[in-house]
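In: build the 3D model from these lines:
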Amino acid sequence: MPAAPQPPPAGGAAGTAFAIAAPRVVGRGIVGAMLRLVPPSFTKAPTRIAYQWQLCAASCAPIPRATGPSLKLLRSYAGRSIRLVATATIGGTNVQTSSKRLSVRRR
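Out: Predicted coordinates:
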């Protein structure tokens, strides 16, 4: 029988007790530019970490196959924003944290 879900730690949502610094997106929010990630920091070393770039309007959705350390901004992204979600496995628990959104504009 699987273990019962654990309540969020005091002071925040599930996983926030592990995250020291969220991932950051570096680059200019202009169509054609290349963005890159600055990895998050955690209080404990993760055994695995995965990244997913997301395209956002009112809500955010994963960009298919955008799981690497960089992302080229396409024309179709203009007028929306981009964020990066990091999912780390720490002590058998998946911890998720995300960057701030970066607005994308045309040149």
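In: can you name the residues bridging to the residue nearest the centre of the chain?
Out: With distances taken as C-alpha atoms, centre = their mean, the chain has Val85 as the residue nearest its mean C-alpha position (1.4 Å). Beta-bridge partners for Val85, by DSSP bridges, are Gln52, Ser98.
In: pLDDT score for it?
Out: On pLDDT, Val85 comes in at 97.
In: what does the one 5 residues further on give?
Out: In this prediction, Ile90 carries a pLDDT score of 89.
In: check whether it really touches Pro40, as I assumed.
Out: No - using C-beta atoms under 8 Å, Ile90 is not in contact with Pro40, being 11.2 Å away. (Glycine included, C-beta is placed from N, CA and C.)
In: more neighbours, those two?
Out: Pro40 (23 against 19; other C-beta atoms under 10 Å).
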